[in-house]
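Asks: missing the sequence, but the structure's below:
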């Protein structure tokens, strides 16, 4: 594969645009999936309740309440309530920060200007380093909304009221959303992530059953396989991030999502190649289907899988080349749920963990966060300077737009620009100004306006519940729509106001496209290689943690959280790169590189989970005391060699070494001999884990 990749850069570039692929992409992104209709209905009800409350009590500047009714988590009631608390807290802190800053710098134009620029930099740094995106927005947006209020010559009372009103607004939006979720959860307590994964595995199971019976899968099954293969696992990862789980359950579910995504990709390839299985292959396919059925049953009943399930094994099949890999991935799924007692740093005070969880582990060490903050600050500062220089306060939504559209996980620059502009046209021009001209003059009651408002919200919410590649479009559609129709407490028919707000959104989009996307993004292939090499190096670092038993639990938890975040970032970037490869000149070598990295992710997940399982064994004193000195030394030697081989693999991926890692079995053979001399059930478990680690490392090397 490396030789092929070296030759491919000299081949012709691919076509510029693949419109058939894009039509297929849109078709499956907007198609229903389990739970989508319910989520859209709840979003629409919450936003419409906000609108009715705003109009009834004449609350100004209420567009933010509508936006947060879309953004607030709905994965479970606990996460929704916790997210609502964080959002209100973020608004309170931001308002206090703004009032304090204005008290100190309002009367000094130069210091006031630099305070604004510094505050914008702080806003984008918080956006990039905070784990809860909605809470970060809650801290960022009140400052942006207060800027035009304090820049104008208004009475102090009016300025203070303009700063404090957003707290009331966001409390209304959060309260309406939490109340809607509380009522809904009375009737439905299902886990949306498990429900979706169950449907994905069901599609794979039905494909295996069909091929085992020597018939083509039914069309509804093929449609589900195509849909899940096209949209990827981004929506599942976003759901997982918003569920607020502890580190162990988050790692387990993240690995389950990765394995399910790889299985659905293999099932899609099966349908395209239409292999003809022999009798032995048919038997293995039926066994695979039965195992998937058992896994789905356990997931639905307990949201976990028993680790005692038998491992599927089979030899490579010439007529069915993907069967062995499917068996290997299904065999890895029970490993995801192996017991791990080093869970969430129980030795630390709960409050300390809660505050630490607000920021990513390397918030103050990673230079990429500073780069992101600089690019966002520069774009927002240009908008701020421009609307003050033009004395055009009506376009103040430009700064808010810069803040809302600065999402590092969306992916490539082309994708963000297309979605921003498309969302602006759909929400600002079509649902905003066009509706003001054609629809709003005919509405003379709150009931009629509520129907119109609910219809616009439902359209935006439907797109917002897509995968991350298209959900951004739904948020961008909602933003100008709410600025036109929900900013004031009455039906807005003044086209001048709507024009100014839409122009402000457009200015923010241009600033982000021409400034932020130039400074805040990188080459897709370069970023993918960098993320993959970083993940492999961190797995090597985790191997060193397993070897060193003196490391504190808090450091282990921090490293685990960082590895999980890096895995999610790699998968998100892979999905975004696949989207952009269809629309730009990309060499086949870059496409091969993206596919190679995607295939390597199950092996990375397997190594991570096995290292955690081995860490759990070594941290338990009763098990560690069972091992003799020679056995502990042999285990330390194995872990040292294993970490070195991972580091060599990372260097090879990053093109820092010419040859791949040289994997030998000396260390594992020595460990097996030492553990067999004084065998116990726990030593057998350690031997089994280490053997699986070697097999996963070989899998990773072969994929790379």
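Replies: Structure's in. What do you need? Not measured: the values here are computed from a predicted model. Numbering: from 1, shown residues only.

Asks: if I pick the spatially most central residue of the chain, what's in contact with it?
Replies: Among the residues of the chain, the one closest to the centroid is residue 238, at 4.1 Å (C-alpha atoms, centre = their mean). Residues counted as contacts of residue 238 (C-beta atoms under 8 Å, 6 or more residues apart in numbering) are 468, 471. Where C-beta positions appear, they are placed from N, C-alpha and C, glycine not excepted.

Asks: looking at this, it is in a helix?
Replies: Yes. The assignment for residue 238 (DSSP: H, G, I helix; E, B strand; the rest coil) places it in a helix.

Asks: do you know how far it is from residue 363?
Replies: For residue 238, the distance to residue 363 equals 21 Å [C-beta to C-beta, to the nearest Å].

Asks: and if you look at residue 73?
Replies: In terms of C-beta to C-beta, residue 73 sits 21 Å off from residue 363.

Asks: can you pull the pLDDT of the closest residue to residue 644 other than its chain neighbours?
Replies: Closest residue to residue 644 apart from its sequence neighbours, by C-beta to C-beta, 6 or more residues apart in numbering: residue 540 at 7.7 Å. Listed pLDDT for residue 540 reads 86.

Asks: Residue 540: what secondary structure?
Replies: helix.

Asks: ditto for residue 243
Replies: coil.

Asks: And residue 365, by the same measure?
Replies: Judged by three-state DSSP, the three-state class of residue 365 is coil.

Asks: Against residue 135, how distant is it?
Replies: 22 Å.

Asks: go on, residue 221?
Replies: Going from residue 221 to residue 135 by C-beta to C-beta gives 40 Å.

Asks: Ok, residue 248 next?
Replies: 23 Å.

Asks: More neighbours: the two, which one.
Replies: residue 135 (22 against 19; other C-beta atoms under 10 Å).

Asks: quick one: contacts for that one?
Replies: 83, 86-87, 89-90, 358.

Asks: Reformat these as JSON lines; add neighbour count.
Replies: Formatted as JSON lines, the contacts of residue 135 follow (neighbours: other C-beta atoms under 10 Å):
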{"residue": "83", "neighbour count": "26"}
{"residue": "86", "neighbour count": "21"}
{"residue": "87", "neighbour count": "26"}
{"residue": "89", "neighbour count": "13"}
{"residue": "90", "neighbour count": "24"}
{"residue": "358", "neighbour count": "16"}
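
Asks: tell me which of the residues you listed is nearest to residue 449?
Replies: Nearest to residue 449, judged by C-beta to C-beta, of those is residue 87 at 26.2 Å.

Asks: What about the residue lying closest to that closest one once chain neighbours are set aside, how many residues nearby?
Replies: Spatially, and ignoring its direct neighbours in sequence, residue 87 is nearest to residue 138 (4.1 Å; C-beta to C-beta, 6+ apart). Residue 138 has 30 neighbours, counted by other C-beta under 10 Å.

Asks: Residue 138 is in contact with residue 65, isn't it?
Replies: No. Between residue 138 and residue 65 there is no contact under C-beta atoms under 8 Å: 11.4 Å.

Asks: Now do the shared contacts for these two.
Replies: By C-beta under 8 Å, 6+ apart, residue 138 and residue 65 have these common neighbours: residue 170.

Asks: starting at the chain centroid, how far to the helix or strand hosting residue 140?
Replies: Assigned by DSSP states H and E, residue 140 belongs to helix 133-151. Centroid separation for helix 133-151 versus its chain: 24 Å, with C-alpha atoms, centre = their mean, to the nearest Å.

Asks: low-scoring stretches of the stretch 451-600 of the chain, by residue?
Replies: For the stretch 451-600 of the chain, applying pLDDT under 70 flags the ranges 490, 492-493, 519-525, 548-555, 575-591.

Asks: Try it again at 90.
Replies: 466-473, 475-600 (pLDDT under 90).

Asks: Do a quick rundown of the strands in it.
Replies: Using DSSP state E, counting those that start in this stretch, no strands are found in the stretch 451-600 of the chain.

Asks: Helices of that one, start to end?
Replies: 468-485, 495-511, 517-519, 524-547, 553-581, 588-619 (DSSP state H, counting those that start in this stretch).

Asks: Out of those helices, which one sits most buried?
Replies: Mean neighbour count (mean count of other C-beta atoms under 10 Å) peaks for helix 468-485 among those, with a mean of 26.

Asks: What is that one packed up against?
Replies: Judged by 3 or more C-beta pairs under 8 Å, 6 or more residues apart in numbering; DSSP states H and E, helix 468-485 is in contact with helix 19-29, helix 63-71, helix 234-241, helix 397-404, helix 413-424, helix 446-464, helix 495-511, helix 553-581.

Asks: Check the offset of the first one from the chain's centre.
Replies: This means helix 19-29. 22 Å.

Asks: before we move on, back to that, for the residue nearest to residue 644, give its distance to residue 33.
Replies: Going from residue 540 to residue 33 by C-beta to C-beta gives 38 Å.

Asks: Please apply the same query to residue 68.
Replies: 24 Å.

Asks: Mind checking which of these two has more residues around it?
Replies: Higher neighbour count among residue 68 and residue 33: residue 68, with 27 against 21, using other C-beta under 10 Å.

Asks: so where does the nearest residue to the more buried one once chain neighbours are set aside fall, helix or strand?
Replies: Nearest residue to residue 68, sequence neighbours excluded (C-beta to C-beta, 6+ apart): residue 173, at 4.6 Å. Assigned by DSSP H and E, residue 173 falls within helix 156-187.
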